[in-house]
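Colleague: Got a sequence here, can you model it:
(chains A and B)
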Protein chains: 2
Amino acid sequence: MAGRELTSIRSPRVKAARRLAKRAFRRRERRFLAEGPQAVREALQIRGGLVELFTTAEAESRHPELVQAAEQAGVPVLRVSGEVMAELAQTVTPQGLLAVCGFIDAPLESALESGPKLVTVLAHVRDPGNAGTVLRTADAAGSETVVFTDASVDPYNGKCVRASAGSLFHLPVVTGPRFDVLIPELKRAGLRVLAADGAGKRTLDEALDDGTLAEPTAWVFGNEAWGLPEEILQHVDDVIRVPIYGHAESLNLATAAAVCLYASARAQRV
Amino acid sequence: MAGRELTSIRSPRVKAARRLAKRAFRRRERRFLAEGPQAVREALQIRGGLVELFTTAEAESRHPELVQAAEQAGVPVLRVSGEVMAELAQTVTPQGLLAVCGFIDAPLESALESGPKLVTVLAHVRDPGNAGTVLRTADAAGSETVVFTDASVDPYNGKCVRASAGSLFHLPVVTGPRFDVLIPELKRAGLRVLAADGAGKRTLDEALDDGTLAEPTAWVFGNEAWGLPEEILQHVDDVIRVPIYGHAESLNLATAAAVCLYASARAQRV
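Modeller: Numbering: from 1, shown residues only, chains lettered A, B, ... in the order given. Coordinates of the predicted model:
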């Protein structure tokens, strides 16, 4: 049981959690928010993942096993009124479970030391929903790590966490390296660094045909609107474009990433 | 020149256009709204595509060629104040050009009579943003026609039009067929009907390896949350799942569609 129900949004614990909607507070506390039963389940799998759990009475009766698991792991469980949950949650229809999680990102060196074959890099990706979707897709395609460069959105942004559908918890996420530091590290780890860009001279089909994609690869995806800056394009091993067979001008970021990552996943397994 | 500027949202022309934000009015008038210079350009390419054009003075000075082309095509151009445009437009930052377009969907028979090799079917897709993104991806992958079944969202919904990024104007879109009528028609047109579903017994890789995807194909994509209903899965030729190589539970609809459509596009060209 979670004890007395907190009914005031001015409760210090509630206020401290609410502040985590802002990046500056997330950074300071090294904590973030994740909503819903799936997030709680995932966070429980990781040491230091689940730090505090807010529930409503209703959610507790729907997911008694999660509340019990949190308590057994020594995680403070705070029961709050529906009104307080609505204030805490960032969604229109909160699911009654809100996890306060510890930062789980990995240092670049440790993410690379296992010799990954497929790495995903988000450079200058600004929309958190897109970033989360690419993270989910990278996980599905078997990418072993996802890197958010310093110019990209915060992976702990609530929208990104939601769009990742749990994948934030599944694989090492590296945050904040500068691109000029990152590229040499990726190459040193034996990865061919490919940028996905509509301006690429070679198509994905060509890279499949000549065996490029069968090799260990780090895919770099750029900004939704303007792609990748010249200083990045110049330092990668190759710039590849997804072929447009019809009349569309371009693909959106998450779609292009899906096509590239799955092409690599298959090429590396054939 | 567009004549006197309309400054009242109560002007009958403005009111008539505003009503098109609702599906019932779109259906009655067989007209829809599309925002921005790209949409105007695309609509001008299609006979009966552009029916009326609302502009602001600022947009007119930024895109004089579009306003001129509309006038030369005999399309009424109405200049409105920024305030009226803000009321008409469905986006937060309206681009100052709003096209009233005539419905451009094609009958199923005419879309199939040219013998398409790649057809995209949206069955029970309810989110207009997702539907528009799949439409854009289908266009990029060279799908020759996109079918929205009667249980799917309206392709003329403003969010769908925006997410399609012009693709709504690029290829024949068929709206409204019932699924039990559609499947036999697709098969009669020589298409193998494949449903994309996480519950599929065969993976996309298997369908690539055995040559299935090289054949003329109609891909059926289902609802964002619950996929495709049993009565559809039973009547298609095969149910295919995108393999999950990592730990993600599933892919989102638009991502799965991108992977399937591009796999077909490549298989049909190798």
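Colleague: OK, contacts around the one residue in the stretch 151-270 of chain A that gets nearest to chain B?
Modeller: Closest approach between the stretch 151-270 of chain A and chain B, counting by C-beta to the nearest C-beta: A:Tyr245, at 3.0 Å. Just so you know, the C-beta spots here come from the backbone N, C-alpha and C atoms, and that holds for glycine as well. Applying C-beta atoms under 8 Å, 6 or more residues apart in numbering or on different chains to A:Tyr245 gives the contacts B:140-142, B:265, B:269.
Colleague: Find the residue closest to it in space, skipping its chain neighbours.
Modeller: B:Gly142 (3.0 Å; C-beta to C-beta, 6 or more residues apart in numbering or on different chains).
Colleague: Equivalent analysis for A:Leu112, please.
Modeller: A:Ala189 (4.3 Å).
Colleague: Make CSV out of the contacts of A:Tyr245 and add distance to A:Pro94, secondary structure and neighbour count.
Modeller: Shown next, in CSV, are these (distance: C-beta to C-beta, whole Å; DSSP: H, G, I helix; E, B strand; the rest coil; neighbours: other C-beta atoms under 10 Å in any protein chain shown):
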residue, distance to A:Pro94, secondary structure, neighbour count
B:Ala140, 36, helix, 29
B:Ala141, 37, coil, 28
B:Gly142, 42, coil, 22
B:Ala265, 41, helix, 23
B:Arg269, 47, coil, 12
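Colleague: Now do the SS call for the residue of the stretch 151-270 of chain A closest to chain B.
Modeller: Taking DSSP: H, G, I helix; E, B strand; the rest coil as the rule, one finds A:Tyr245 in the coil state.
Colleague: Under the pLDDT cut-off, which ranges of chain A? List them.
Modeller: Chain A contains residues with pLDDT under 70 at A:1-3.
Colleague: and if we set it to 50?
Modeller: Low-confidence segments of chain A (pLDDT under 50): A:1.
Colleague: which residues touch the helix or strand encompassing A:Val84?
Modeller: Here A:Val84, judged by DSSP states H and E, is contained in helix A:82-88. Residues outside helix A:82-88 that contact it (C-beta under 8 Å, 6+ apart) are A:6-9, A:11, A:14, A:17-18, A:33, A:54, A:56, A:58, A:80, A:94, A:96, A:98.
Colleague: mind listing what's buried in it?
Modeller: Across helix A:82-88, burial judged by 16 or more other C-beta atoms under 10 Å in any protein chain shown covers A:84-88.
Colleague: what's the answer for stretch A:123-137, then?
Modeller: A:123-125, A:127-137.
Colleague: ok, A:Gly129 - contacts?
Modeller: Contacts of A:Gly129 were listed using C-beta under 8 Å, 6+ apart, and they are A:159-160, A:163.
Colleague: actually A:Gly49, not the one I typed
Modeller: By C-beta under 8 Å, 6+ apart, A:Gly49 lies in contact with A:42-43, A:101-102, A:104, A:169.
Colleague: would you turn these into TSV with neighbour count and distance to B:Glu224?
Modeller: Shown next, in TSV, are the contacts of A:Gly49 (neighbours: other C-beta atoms under 10 Å in any protein chain shown; distance: C-beta to C-beta, whole Å):
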residue	neighbour count	distance to B:Glu224
A:Glu42	24	21
A:Ala43	26	24
A:Cys101	26	26
A:Gly102	16	31
A:Ile104	19	27
A:Phe169	22	22
